[in-house]
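**Student:** What follows is a predicted structure for the sequence shown.
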Amino acid sequence: MILKVFKTYIIPRIIQYLVVIFIGITITFIIPRLTPIDPVQAAINRLTSYGGSYMEPAAVESLQKTLKELYGLEGTLIEQYLAFWKHLFTFDLGPSLSMFPTPVMEIIATSLPWTFFLLLSSMLISWIVGNILGGLAGYFKDKKWSDVLATIAMSIYPIPYYVMALILVILFVYIFPIFPMMGGYTIGIQPSFSWAFLLDVFKHSILPAISLIIVGIGWWFLSMRSLTSNIVAEDFVTYAEFAGIPKGKLLFSYVMRNGMLPQITNLGLQIGGIFNGAIVTEVAFSYPGVGSLLQKAITNGDFNLMMGISVFSIIAISTASLIIDLLYPLFDPRIRYK
Amino acid sequence: MKKAGLILAVVIVFVSSVFSQVLPNIPRSETLIVDNLHGRVANPGNFNVWIPGALTGHGPQQMVLDGLWYVDPQTGEWINSLAAEPPIYNDDFTKMTVKLRQGLYWSDGVEFTADDVVFTVKNLKNNPGLNGSAEMKQYVKDIYKTDDYTVVFELTQPYTRFHNLFTSLIYSTTYIQPKHIWEKVENPLTFTFNPPVSIAPYVLDSYDSQGYWFLFKKREDWQRTSVGQIYGEPKPNYVLFIYYGADDKKVMAQTRHELDMIFDLTPEAFEVLRNRNPYAIVWYKDFPWAWMDDVNARGLYLNNEKYPFGIKDVRWALTLAINMEEVLKTAYAGIERVTAIHSCPTEYFMDLYYKKLEPWLEDFSLEDGYKPYDSDLANRIAKWAESEYNVKVEDPKSIWGMGWWKYDPEQAEKLLVEKGFSKDKNGRWLLPDGNLWKISILAPADFEIDATRLAFAVADQWRKFGIQVNVETVEAGVFWSRDALGDFDVVADWGKITASSGVPDIWTFIQGFHSQFLIPTGTPATNPNVIRWKVPKRVDEIIEEMGTLHPQDPKIEELTLEFYKIAVEEMPFIPTVINKKFSAFDNYYWTNYPSAENPYMTPSFWWGEFKFMLPRLESTDRK
């Protein structure tokens, strides 16, 4: 039986997973190279754009050749593609072209923990709070507080995130200077695993997290409310009510459990998407993360850094999707591997 | 209710006192806080500025590095920094001797000597890929010291401007490496030089692992640096380079006196700032406020290889179809300085070249005898500013420029019709082959906002004239790649020829336009001639002759004036306005920044020269 499940579902699913990753990475490799961006020219421009060194033509020509070699941009597209995969299997994403020769892995590794910490924690908080409130509001949809909550959520949800972020900055950084204006920790403090440093990091993350949580709660609340209000009307719930099942058990084990299924799928996919960063959050709050790295990589034509962040993102989302698919029967006993 | 409100207020004050201090561990009154123009630096731990593309303006070049010479473009002052005197050439410019300043020490206590200079040059020469490597290989036959403070360069060929490689004319220069550190380095391309050993008056104290701030502390032995010897003790004990974020965050920070020097703001952002912070000043105390002596000017750069921009009369027609008065008002709120010639209208260059050229410009005529120069533009803007801003400007030309070209659509039309252009029944211009004339202007999307504004303002002018124009705004990577390839009709660009410095010599900026370096559209340019201007033979001769003269030879000015005249006749691109800056400085904690009232040097704190401003700042003694 188990062997059959492996053969008919799990192995094909894993193969599909690998194919998706392969195609995703290949597309991400090709697309930047189809744009008019030239990383060598971008580097030369960084030398000269601040009115800086007016290099002699011979020197520029020599530098063009040298940089092309250093950046690994020599050879045909196929040769560069094969070299890329060869390095990828050794976890070498190459040097950043805009911050040469710092390895891409090093740059991502420095920023990723900040993105992960901020986005994961705010995502989980908004998911838990939003789903609980949405479930309650959907189940007790005739209550006044349910309508009030729904109205608040519907008012907040459509606000563009960057507007929300700006409002929070103006209110709580400028008018009432409660939170710091920028950064992941206080200037002058040395990063360490001490409680003092961790508390300082926490303080700096509060406002960006609040901005993400507020917007996130709105979405989870509304979706969960919609799901539970449909489930409540189903026959099995009505039968369970008549059967005298306690309200609490009815709410959590019957209604919300069924409503959670699509929410779990969405959560899984959103967790995978963490690796893209949250560029608007990072820009609005000057908070470290991979989002602003990706934006700089795109504007500077940093192919390697773009690829690096994209590889992480593709693998993360594909893996999240795979895990959800494999674990789904645990959440929904109605589903069997076929 | 009252009690709750009081408690809330106390909590807010307490919490804000805990959260809102920008520098909890250092006295604010001893710290100068400076905007980091590079934004977030993603590899903040790498201080190897000799790698191509490495960032330098976030503190390293200002605080810990130093070069042989600097020229201040505001005043023309020549500064002997690590060198004790200007370069000494032999008669045929094949040898350059440098006398070094004595009594300078690296921050780790090792003395600065000729060994450091010799090592730096050899290190660059022997490591292709390092900044300056190609030039050192091309020009340096040999380098040696004759004593601990004298270095001799033997050149591969006569070169009257070899010292420019070691002079900060604009922004930066070849910085000298500490031999005792770098000689142990196996791979200079991967060495991070962290922590950097300093030869300037500050050392790196700490930096943000995420690249948002860099803190520098004054050396106790600051007297053993060039700055200390020339100008005395730098006043701030600490200098913090920080990136708060977009303009709105910078305005908030300076309003709260948590940012002393801002790189640049839009006029709108500055308007908000000056209404909220009376201590924030740019260059002028009143209108037009902005600093208008940056060393580059903007223009509409036309690809001369693309039809019809290769036709001189078409270029002149496009020029005369621009109402520059309207452009100044709509795009820049009247805050800009125009340039009619292919140069940069700094105060220094206006005195040197613009005033001398004015009589010629007033007399200059096109082939049909039409005189296009408008010397009255500044006066008209001054009148407008009087009613708009309630200010009276005594010398309008010193602010708005000497003059520009007339707005004369009729003359523009005449020039085009003579070349076979015509208009359709809707008044739209048609090319001689009968097709609709369409122009695309390439402009930056999210940087150099003044270039973008120029593009849109001029597009409006040309549309009014009857040309179909669209503006393509693109990100930096795409912009520079297409700029180098010549993949544009028109680009809202800056610099190239229209650059200047604190010396009369412009050879450095125009030498790349020699016809031997002309690269066709489609291949990345290795020179500033992205417009693919096929210069007249006389321009080649001027460049060649200039190259043989010492930069201080009086003939340089004569040749420069002749070059500018030829460029006006040819009009290879349309010069417009200077790269003005709203670099706002907060006078709350620090004062005596360079200003219109006290223009002792350039206010460009993002340049290596910033180190020379620090002894001249004054603390207001506010705690």
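**Tutor:** Structure received.
**Student:** tell me which parts of the stretch 201-350 of chain B are close to chain A?
**Tutor:** B:205-206, B:208-213, B:215, B:240, B:242-246, B:248-249, B:252-253, B:255-256, B:258, B:294-296 (C-beta under 8 Å from any C-beta of the partner chain). To be clear about C-beta, it is placed using only N, CA and C from the backbone, and glycine gets the same treatment.
**Student:** Can you spell out the domain ranges of chain B, please?
**Tutor:** Per the record, chain B has its domains at B:37-195, B:222-291+B:581-619, B:296-578, by automatic domain parsing.
**Student:** Kindly reformat these as TSV containing mean neighbour count.
**Tutor:** Shown next, in TSV, are the domains of chain B (neighbours: other C-beta atoms under 10 Å in any protein chain shown):
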stretch	mean neighbour count
domain B:37-195	20
domain B:222-291+B:581-619	21
domain B:296-578	19
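**Student:** would TSV of these with mean pLDDT be doable?
**Tutor:** As requested, the domains of chain B are exported to TSV (pLDDT from 0 to 100):
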stretch	mean pLDDT
domain B:37-195	95
domain B:222-291+B:581-619	96
domain B:296-578	96
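**Student:** if we can go back for a sec, in strands, which of the residues of the stretch 201-350 of chain B next to chain A fall?
**Tutor:** B:205-206, B:213, B:215, B:240, B:242, B:296 (DSSP state E).
**Student:** my guess is B:Met601 contacts B:Leu614, does it?
**Tutor:** No. Assessed by C-beta atoms under 8 Å, B:Met601 is found out of contact with B:Leu614, at 11.0 Å.
**Student:** Tell me which residue is most central in chain A.
**Tutor:** By C-alpha atoms, centre = their mean, chain A has its centre lying nearest to A:Ile274, at 1.9 Å.
**Student:** how about the nearest residue to it, chain neighbours excluded?
**Tutor:** A:Leu119 (4.5 Å; C-beta to C-beta, 6 or more residues apart in numbering or on different chains).
**Student:** Please give the element, helix or strand, for the one you found.
**Tutor:** Using DSSP states H and E, A:Leu119 sits within helix A:104-139.
**Student:** Check which element follows that helix along the chain.
**Tutor:** Next element after helix A:104-139 (DSSP H and E): helix A:144-156.
**Student:** Pull out the buried positions in that next one.
**Tutor:** A:146, A:149-150, A:153, A:156 (16 or more other C-beta atoms under 10 Å in any protein chain shown).
**Student:** Just name the closest of the residues you listed to B:Val490, please.
**Tutor:** Nearest to B:Val490 out of the buried residues of helix A:144-156 is A:Ile156 (C-beta to C-beta; 45.3 Å).
**Student:** so what's the spatially closest residue to that closest one that is not a sequence neighbour up against?
**Tutor:** Closest residue to A:Ile156 apart from its sequence neighbours, by C-beta to C-beta, 6+ apart: A:Gly218 at 4.6 Å. Counting by C-beta atoms under 8 Å, 6 or more residues apart in numbering or on different chains, A:Gly218 touches A:130, A:153-154, A:156-157.
**Student:** for these, which one is nearest chain B?
**Tutor:** Nearest to chain B among these: A:Ile156, at 22.1 Å, using C-beta to the nearest C-beta.
**Student:** For the closest one, give its distance to A:Met260.
**Tutor:** The gap separating A:Ile156 from A:Met260 is 22 Å, by C-beta to C-beta, to the nearest Å.
**Student:** The residue nearest to A:Ile274 contacts A:Asn276, doesn't it?
**Tutor:** No. Assessed by C-beta under 8 Å, A:Leu119 is found out of contact with A:Asn276, at 9.3 Å.
**Student:** name the helices or strands packed onto the longest strand belonging to chain B?
**Tutor:** Across chain B, the strand with the greatest residue count (assigned by DSSP E) is strand B:490-499. Where contact means 3 or more C-beta pairs under 8 Å, 6 or more residues apart in numbering or on different chains; DSSP states H and E, strand B:490-499 is packed against strand B:296-302, strand B:438-444, helix B:449-465, helix B:476-485, helix B:507-510.
**Student:** After the longest one, which helix or strand is next? Please name it.
**Tutor:** Next along the chain after helix B:449-465, taking DSSP H and E as the criterion, comes strand B:468-474.
**Student:** Would you give the sheet partners of that following strand, along with the direction of each?
**Tutor:** Here strand B:468-474 is paired, per DSSP bridges, with strand B:438-444 (parallel).
**Student:** Contacts for the strand it pairs with, please.
**Tutor:** Residues lying outside strand B:438-444 but in contact with it, judged by C-beta under 8 Å, 6+ apart, are B:300, B:451-452, B:454-456, B:458-459, B:462, B:467-474, B:476, B:479, B:482-483, B:487-492.
**Student:** Stretch B:541-557 now?
**Tutor:** With C-beta under 8 Å, 6+ apart as the criterion, stretch B:541-557 contacts B:89, B:93, B:158, B:160-161, B:164, B:352-353, B:503-505, B:507, B:510-511, B:513-514, B:559-560, B:562-563, B:566.
**Student:** before we move on, what about stretch A:117-133?
**Tutor:** Outside stretch A:117-133, the residues that touch it by C-beta under 8 Å, 6+ apart are A:149, A:201, A:205, A:208-209, A:212-221, A:224, A:256, A:259-260, A:263, A:267, A:270-271, A:274, A:277-278, A:281, A:287, A:289.
**Student:** Now, the contacts of stretch B:541-557 that are in helices?
**Tutor:** Those of the contacts of stretch B:541-557 mapping onto helices are B:507, B:510, B:559-560, B:562-563, B:566, per DSSP state H.
**Student:** thinking again about what came up before, want to try TSV for the contacts of A:Gly218, with pLDDT and distance to B:Tyr307 as columns?
**Tutor:** Output for those, formatted as TSV (pLDDT from 0 to 100; distance: C-beta to C-beta, whole Å):
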residue	pLDDT	distance to B:Tyr307
A:Gly130	93	60
A:Ala153	86	59
A:Met154	87	57
A:Ile156	85	55
A:Tyr157	83	53
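**Student:** follow-up on the earlier one: so which of the contacts of stretch A:117-133 sit within helices?
**Tutor:** Using DSSP H, the contacts of stretch A:117-133 in helices are A:149, A:201, A:205, A:208-209, A:212-221, A:224, A:259-260, A:263, A:267, A:270-271, A:281.
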